[in-house]
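below are the sequence and a predicted model for it; my questions follow.
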Amino acid sequence: MVPWPIALLTLFYGIIATLSAATIWQIATGAVAKPLLWPILWLIVSAGVMCGLPLLKPWGRSLAIIASWLMVAVTLAIAGLVVMAGRPLLGLLATVSGTVHVVAIRYLRRPAVKAYFGSTARQQ
């Protein structure tokens, strides 16, 4: 059985994968003129996390930690851009929202959670 925090993380990355796929579709149909690299990158990473976490694969946990660090970097970059645009309260909100990813990283690094992903012979 998958613990509920891991299920919620899987749902979160599933939403990111869905939004990335929708953006790729919009770019492919010509509805939006954006670079294709970033949506493809986020789709690959988030789909990998979405598959690896509920299967309790060690690579899924590692990929989730890497993806969360990337999310922290992107969130802080967006916060910086918002502050430079003259909206400091919105920038503060974006900065505080980055803590969600840090909490996810801390959760995935706990020894009890590592044990879920570490054992190859799990009980059903």
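Arrived safely. Since the model is a prediction, treat every value here as computed from it, not as a measurement.

quick one, helices of this structure?
Assigned by DSSP state H, the chain shows helices spanning 4-29, 37-52, 58-84, 88-108, 111-118.

contact partners of stretch 7-25?
If you take CB atoms under 8 Å, 6 or more residues apart in numbering as the criterion, stretch 7-25 is touched by 2, 32, 34, 36, 39-40, 42-43, 46-47, 49-50, 53-54, 64, 67, 104, 108. Just so you know, the C-beta spots here come from the backbone N, C-alpha and C atoms, and that holds for glycine as well.

before we move on, what about stretch 88-102?
In contact with stretch 88-102 (CB under 8 Å, 6+ apart) are residues Ser68, Trp69, Met71, Val72, Thr75, Leu76, Ile78, Ala79, Gly80, Val82, Val83.

repeat that for 6 Å
For stretch 88-102, contacts defined as CB atoms under 6 Å, 6 or more residues apart in numbering pick out Ser68, Met71, Val72, Thr75, Leu76, Ile78, Ala79, Val82, Val83.

same question for that stretch, mean pLDDT?
Average pLDDT, stretch 88-102: 92.

can you check stretch 39-46 too?
Mean predicted lDDT for stretch 39-46 stands at 92.

what residues sit buried inside it?
In terms of neighbour count (16 or more other CB atoms under 10 Å), stretch 39-46 has its buried residues at Pro39, Trp42, Leu43, Val45, Ser46.

and if you look at stretch 8-22?
Leu9, Thr10, Phe12, Tyr13, Gly14, Ile16, Ala17, Ser20, Ala21.

same deal with stretch 60-73?
Neighbour count says stretch 60-73 has Gly60, Arg61, Leu63, Ala64, Ile65, Ala67, Ser68, Met71, Val72 buried, by 16+ other CB under 10 Å.
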